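Asker: Sequence plus predicted model, see below.
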Amino acid sequence: MRWPSLLAALLPAAAAATAAAAATTQTMEATAAADPALSLRVLTFNIRYAAAASTYERPWSVRGPLVIKTVAAAAAAAAAANASAVVIGMQEVLDAQLQDIAAGLGEAGGEGWAHLGTGRDDGARAGEYCPLFYQPGRLALLGGAARQLWLSPTPDVPSYWPGAGSRRYVLAAAFEDRATGRRFVAANTHLDNVSGEARVAGVGIALGLVRELQAAWGGGEEGGTGLPAVLTGDFNSEPGDGAYEAVLADGLLADAYAAAADAARFGPYETYTGFVPDQIPQVASRIDFVWLGPNGTDTWDLARYEVVDNVVDGVFMSDHRPVFVDISLKG
């Protein structure tokens, strides 16, 4: 699906900075001045798969341009603030939606984009993707490929954890910033919505893959934690629940919200809203996360954590709100 008017709609949106984007730009410029080594904007966004429309859930043909507009504007604001790069983790992306987003970001101008990841059901194009979008002009993909493991006892093939409602996977890649030579690992996942056991097991597999890439591209023994890392995803787990607590107990990564100073937090607390306005107070929860690591080290500065509204011109673009963080990896 393509929208002929998309470019005309996106370019003004990216060029016209909102008050939030202006504040973000100022914050990131200050951070870049203090530490020019490597500044990143990291986004996570469950865009909602292209389901049949309902009273409040509009079809993808309506939601899609709003998703692209929002992501493109966030990337443009980061570029205006001289961020080194932008990395975007998405969830619930069907193949046709992936093509729309890739085309829309390309039409929005700026740096070219590439994406990694496959459909979860066959390792090709079937089922939902958990893609990572990045800018190859700014970031080199180390090894020329990403690593993808299914969150199951047989992680190398499309498969389920026993009791899980869907096939799930984690995607991870190691990048090198072309300007500075700094390296980092980015990973993205979507944990199961049915089985708490599957979610906790998935955390273990995801963190294991992050460590594998840290060791492969950061030097040191396997299990080493020196290379900076980010993990994005819809965890279907709130703080205090099993999967969230499993990440904390592991010790590798820190929750960006918890790590951010009060003055650096913007937007609402909850990231999931559903589509029905009257039900939001009952269902809203924080289940979408950006995790940063290595935890407990002096690796990065967190300048901004923001949850962005998912209602644009009265339309829910998704049942989740996008989340982004601005970080600087220290020299």
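Answerer: Sure thing, it's come through. Numbers count the residues shown, from 1 in each chain.
Asker: Buried ones in stretch 197-210, by neighbour count?
Answerer: The neighbour-count criterion (16 or more other Cβ atoms under 10 Å) identifies 198, 199, 200, 201, 202, 203, 205, 206, 207, 208, 209, 210 as the buried residues of stretch 197-210. All C-beta atoms are positioned from the backbone trio N, CA, C, and that covers glycine.
Asker: Check stretch 303-313 too.
Answerer: 303, 304, 305, 306, 307, 308, 310.
Asker: now that stretch: mean pLDDT?
Answerer: Averaged over stretch 303-313, pLDDT sits at 97.
Asker: Off-centre distance for it?
Answerer: In terms of Cα atoms, centre = their mean, to the nearest Å, the centre of stretch 303-313 is found 13 Å from the chain centre.
Asker: heads up, I number from 29, so please use that
Answerer: Got it, first residue is 29 now, which makes that one stretch 331-341.
Asker: Do me a favour and get the end-to-end distance for that stretch?
Answerer: Using Cα to Cα, to the nearest Å, the end-to-end distance of stretch 331-341 comes out at 29 Å.
Asker: Low-confidence regions, this structure specifically.
Answerer: For the chain, residues meeting the criterion pLDDT under 70 lie at 29-64, 247-253, 359.
Asker: ok, longest helix in it?
Answerer: helix 224-246 (DSSP state H).
Asker: by contact count, what packs against it?
Answerer: Contact partners of helix 224-246 among helices and strands, from 3 or more Cβ pairs under 8 Å, 6 or more residues apart in numbering; DSSP states H and E: strand 175-178, strand 197-205, strand 211-218, strand 257-262, helix 270-278.
Asker: Go through those and name the closest to residue 355.
Answerer: strand 257-262 (7.8 Å; Cβ to Cβ).
Asker: about what we covered before: can you give me how far the longest helix of the chain is from the chain middle?
Answerer: The answer for helix 224-246 is 16 Å, by Cα atoms, centre = their mean.
Asker: just the CA coordinates of it, formatted as CSV?
Answerer: Listed next in CSV are the C-alpha coordinates belonging to helix 224-246 (Å, rounded to 0.1, in the frame of the first residue of the first chain):
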residue,chain,number,x,y,z
GLY,A,224,4.4,-15.7,31.9
GLU,A,225,6.8,-18.6,31.8
ALA,A,226,7.4,-17.9,28.1
ARG,A,227,8.1,-14.3,28.8
VAL,A,228,10.6,-15.0,31.5
ALA,A,229,12.3,-17.6,29.4
GLY,A,230,12.3,-15.1,26.5
VAL,A,231,14.2,-12.6,28.6
GLY,A,232,16.9,-15.1,29.2
ILE,A,233,17.3,-15.9,25.5
ALA,A,234,17.3,-12.2,24.6
LEU,A,235,19.9,-11.2,27.2
GLY,A,236,22.0,-14.2,26.2
LEU,A,237,22.0,-13.0,22.6
VAL,A,238,23.0,-9.4,23.7
ARG,A,239,25.9,-10.9,25.6
GLU,A,240,26.9,-13.0,22.7
LEU,A,241,27.2,-10.0,20.4
GLN,A,242,28.9,-7.9,23.1
ALA,A,243,31.6,-10.6,23.4
ALA,A,244,31.9,-11.0,19.6
TRP,A,245,32.4,-7.3,18.8
GLY,A,246,33.5,-5.8,22.1
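Asker: got the angle between it and helix 270-278?
Answerer: Interaxial angle, helix 224-246 versus helix 270-278 (axes from the mean of the first three to the mean of the last three Cα atoms, to 10 degrees): 40 degrees.
Asker: angle of helix 224-246 against strand 257-262?
Answerer: 150 degrees.
Asker: which residues sit in contact with the closest residue in space to residue 154 that isn't next to it in sequence?
Answerer: Among residues not flanking residue 154 along the chain, residue 147 sits closest, at 4.5 Å (Cβ to Cβ, 6 or more residues apart in numbering). By Cβ atoms under 8 Å, 6 or more residues apart in numbering, residue 147 lies in contact with 122, 123, 153, 154, 155, 156, 157.
Asker: now, the most widely separated pair of those?
Answerer: 153 and 156 (10.9 Å).
Asker: Neighbour count for the two, which is higher?
Answerer: Neighbours per residue (other Cβ atoms under 10 Å) separate residue 153 from residue 156, with residue 156 holding more: 24 against 13.
Asker: Who's the closest spatial neighbour of residue 349, skipping the chain neighbours?
Answerer: residue 338 (4.5 Å).
Asker: Quick check: phi and psi on the one you found?
Answerer: phi -100, psi 10 (degrees, to the nearest 10).
Asker: Wait, it touches residue 300, no?
Answerer: No: taking contacts as Cβ atoms under 8 Å, residue 338 lies outside contact range of residue 300: 9.4 Å.
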